[in-house]
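Undergrad: Next one to model:
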Amino acid sequence: MALVCPVILGSVRSDRQGLRVARFLIAQLEARGWEAPLVDPAALQLPLLDRMYKEHPKGEAPPKLEALAELYRRADAFVVVSAEYNHSVPPALSNTLDHFLEEYFWRPSAICCYSAGQYGGVRAAMQLRAMLAELGMPSIPSLLPVPRVGKALDEAGTAAEPWLTKAAGRFLDELTWYAEALKAQRQKGTPY
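TA: All right, here's what the predicted structure looks like:
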């Protein structure tokens with residue numbers, strides 16, 4: 001049975017480059033036989049967090065949240081694609097993530113960050129690590145930073161530079177290891 005890994009995109013800007021990165025990673029995951037649906041905050045248009053999914057009476061959550069909760073409960077891992085806004089996490093990403101909690105538990109995450117400059121968004125990734133751990137989906141040790149994203153990937157998500165495909169392969173090998181290990185442990189039960 002295929003592993004399931006939602007790819008959570010963090011930007012809603014009209015000229016966002018993260019969609020290139022998400023498309024690239026979805027193609028890489030699908031080539032491995034994974035199910036990798038895109039979670040796009042621009043398409044979802046979730047309201048600013050007022051009430052978490054779990055705070056809605058059972059069966060009364062908005063359909064978008066219900067569909068996401070179902071997807072997240074099936075997930076074996078998560079890939080989070082983040083830009084860097086003011087050395088931090090984009091607000092759309094924070095809002096998208098904060099609607100859920102228990103649905104993330106005991107599943108690894110992997111951070112792919114990007115920027116137009118040479119540092120690839122790593123300052124946001126450091127803050128995102130703490131956030132993801134608090135949500136119950138700690139990130140794997142490796143990051144996949146994509147510097148100069150507009151040159152590294154075309155609009156379809158095809159890598160223009162060979163190093164990116166090689167780096168993504170190692171990054172996803174690591175995520176696979178953690179996803180399979182935690183899936184086996186979840187099947188045995190969780191600490192609480």
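
Undergrad: Work out for me the element residue 23 sits within.
TA: Using DSSP states H and E, residue 23 sits in helix 18-31.

Undergrad: Just checking the distance from that helix to the centre of its chain.
TA: From the chain centre to the centre of helix 18-31 is a distance of 11 Å (C-alpha atoms, centre = their mean, to the nearest Å).

Undergrad: Who's the closest spatial neighbour of the residue most central in space within the chain, skipping the chain neighbours?
TA: For the chain, the residue nearest the mean C-alpha position is residue 80 (2.1 Å; C-alpha atoms, centre = their mean). Closest residue to residue 80 apart from its sequence neighbours, by C-beta to C-beta, 6 or more residues apart in numbering: residue 8 at 4.9 Å. For the C-beta atoms, the positions are set from N, CA and C on the backbone; glycine is no exception.

Undergrad: For the one you found, give its distance to residue 117.
TA: Distance, residue 8 to residue 117, using C-beta to C-beta, to the nearest Å: 23 Å.

Undergrad: between these two, which one's more packed in?
TA: Each of residue 8 and residue 117 has its neighbours counted (other C-beta atoms under 10 Å); residue 8 has more, 22 against 11.

Undergrad: And the helix or strand containing residue 185, how far out from the chain middle?
TA: Here residue 185, judged by DSSP H and E, is contained in helix 162-188. Offset of helix 162-188 from its chain centre (C-alpha atoms, centre = their mean): 13 Å.

Undergrad: Same check on stretch 69-85?
TA: 4 Å.
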